[in-house]
Structures are given as C-alpha cells and as structure tokens.
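Chemist: Got a sequence here, can you build the structure:
(one chain, ligands or ions: 1)
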Amino acid sequence: MTVTQISNDLSLELKGAVAIVRLTRPTKRNAINDALVLALRDVFESFNSDIKAAVIAGEGDHFCAGLDLSELSDRDAVQGLHHSRMWHKALDAVQFGPVPVITALHGAVVGGGLELASASHIRVADESTFYALPEGSRGIFVGGGASVRVPKLVGVARMTDMMMTGRVYNAQDGERAGFAQYLVPTGQAFAKALEIAEKVALNAPMTNYALTQVLPRIAEQTADHGLLTESLVAAITQSAPEAKERVKAFLEGRANKVQKG
Ligand code: 1HE
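Modeler: Residues are numbered from 1 along each chain as shown. So this is what the prediction gives:
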C-alpha cells in the first residue's frame, strides 16, 4: 500500500479496490480550511475505474472539528456565498462521485465535519464519537450542506434543537437518532468501515450506481415520478449480465442465502 499526500492535510491510500482518504491535520483537529476542502473535491473527482469504494477517516483524536474558524473573519457577504458554494461542490463530489463512501467517525464530528460525514453513504462511529452543530453558538449558519443532508438523517426538529441550544449527541444517542448506521467500540471505526467498503466494492457496479446516484434523487421526486424512475432503474439493473449471473448462482445454490442478523 502506498500513501500519497494529496495536500498538506489530506492523504490517499489504495487498498485493493478501496481508496482511503484521510484528513491529516490532527493538530487543528482536522479543521477544514479552503485548501483542504478543494483537495477533498479534487481527490473524489480523480478516482479511476479501478476504485470501487472509499473510506474517509481522520487522524488523531477527532474525525473533524468543522470549518477552520481562523479563515472566517476576512470574508464579506459575496465571498461568504462563494465559500459556501465551494463546500457544496466538494461535498457533492463526495456524495455523487463514482463510488460509495463510508466514513469512519470518532471524537468530534462537528459543524463541517458533520456535513462531510452526512455527504457519505454509510457512517460507522466508535464510542468516542460526538455530534454537534456549533454554528448556532458561533453566530453563524451552516454552509456546507447540513440543512439539506442532516435533516434527512435525523429530522428537522433535532437539527433545529442542536443549533438553537448547542445540544451535543454522544455516540449511543447519535446512533439511535440516525447520525450513524453502525456503532463499534472505541478505536474500531476504521477497521469496520474498511470491512464494509471492501464488501460494498464487490457489489454489481450498477447496483452501487443506483444507490449512490438514483436513490437520493428518487427521494426528492414526487411519488408518481419516483415510482417511474424506480421501474426504469430496476429494468436496467436486472438486464445487466452480472445481475443475471448473480441470480442464476443463487438458483443453482452457489450464492449466499440471506442470514439472520
Ligand atoms: C480549530 C478548530 C476549528 C480546533 N477551526 N481551529 N467548529 C467548531 O466550532 C468546533 C471548534 N473546536 C472545538 O470545539 C474543539 O477544538 C474540539 C472539541 C473539536 C476538540 O477539542 P480539543 O480540546 O481536543 O482541542 P482544542 O485545544 O480545542 O484545539 C486544538 C487546536 O485546534 C487549537 O489550536 P492551537 O493553535 O491553539 O493548538 C484550536 O484552535 C484548533 N481548532 N477546532 C480552527 N474549527 C461550511 S460551513 C461549516 C461551519 C462550521 O463548521 S462552524 C463549526 C466550527
């Protein structure tokens, strides 16, 4: 495995078909400055077709402390608008990039860190994880997509409460609320995220495409349009040779049965 330092604060490592993208700014708790948000965008736009899944993790004691607050004070309103749009573009590159993305969470997952995590498809948290949106107490609003993505995970009411009151969710309450789909013992989030990514990388490419590109769009459509989109995608996926082979393998007893969880 070779690790490539993409920028001062971001590294990329390839493990088989899985890309491991790591925030490497632990002294600043992986706070995301402009260079880092652009590096994140670039790395997710650079994946070639050998990469089938990605893991995002953070070095040090925290996943990510959000926006680098030291860069905030110099911006006027117009610059602030473009800055927020830059985050949107970068996190869209994560969510709507070519591969499923699993985040390995620990320690602080706050502000822009939660925005990054919520742009991924599967979140694995360890017991040290905590979630917050301190923007409210800093006198600002979210700008990296939280108002669109966080309510989809936990609902508008919880996000309103977090921003109005500064409420912090611990790992267990956070998992129950819907921030993470997996909760593991402290120190094990990365290993679990990698295990999931390696499994997801083996899915039929069209299945992963449908889940990352189509499902979130169907969720935005009216029921009538969503059902039609679903039928179109169902028809395309099931006509792929790989799907036919996978179904045949099951019927011939060569594929796994669904096991009780
Ligand atoms: C930072 C940042 C940061 C740490 N920007 N420098 N996010 C926040 O409001 C969260 C702010 N951070 C914290 O609440 C705490 O740092 C943590 C809970 C994450 C970690 O605490 P701790 O005790 O481990 O570390 P620390 O001592 O607070 O911080 C270590 C260093 O990192 C220190 O710098 P130093 O030079 O004094 O060593 C901190 O200043 C620095 N640091 N977090 C800049 N965020 C697209 S819009 C998104 C909007 C937002 O994300 S707003 C929420 C910002």
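
Chemist: CA only for contacts and neighbour counts going forward, please
Modeler: Will do.

Chemist: Check which helices and strands the one helix or strand residue 231 maps to sits against.
Modeler: In the assignment (DSSP states H and E), residue 231 maps to helix 223-239. Here helix 223-239 touches helix 215-220, going by 3 or more C-alpha pairs under 8 Å, 6 or more residues apart in numbering; DSSP states H and E.

Chemist: Stretch 187-204: which residues count as buried?
Modeler: Neighbour-count burial for stretch 187-204 flags 187, 188, 189, 190, 192, 193, 194, 196, 197, 198, 200, 201 (criterion: 16 or more other C-alpha atoms under 10 Å).

Chemist: should've said stretch 207-223
Modeler: Going by neighbour count (16+ other C-alpha under 10 Å), the buried part of stretch 207-223 is 207, 208, 209, 210, 212, 213, 214, 218.

Chemist: which residues does the second one contact?
Modeler: The reference is to residue 208. Residues near residue 208 by C-alpha atoms under 8 Å, 6 or more residues apart in numbering: 99, 100, 200.

Chemist: try it again with 7 Å
Modeler: Contact partners of residue 208, counting by C-alpha atoms under 7 Å, 6 or more residues apart in numbering, are residue 100.

Chemist: wait, is it part of a helix?
Modeler: Yes. Assessed by DSSP: H, G, I helix; E, B strand; the rest coil, residue 208 belongs to a helix.

Chemist: Check the spacing between it and residue 239 real quick.
Modeler: In this view, residue 208 and residue 239 are 15 Å apart by C-alpha to C-alpha, to the nearest Å.

Chemist: again, but for the last one
Modeler: Using C-alpha to C-alpha, one gets 20 Å for the distance from residue 218 to residue 239.

Chemist: now swap in the third one and tell me
Modeler: Residue 209 is 15 Å from residue 239, where distance means C-alpha to C-alpha.

Chemist: Pull the contacting residues for residue 54.
Modeler: By C-alpha under 7 Å, 6+ apart, the contact set of residue 54 is 18, 19, 20, 99, 100, 101, 102, 197.

Chemist: at 8 Å instead, please
Modeler: Residue 54 makes contact with 18, 19, 20, 21, 99, 100, 101, 102, 197 under the criterion C-alpha under 8 Å, 6+ apart.
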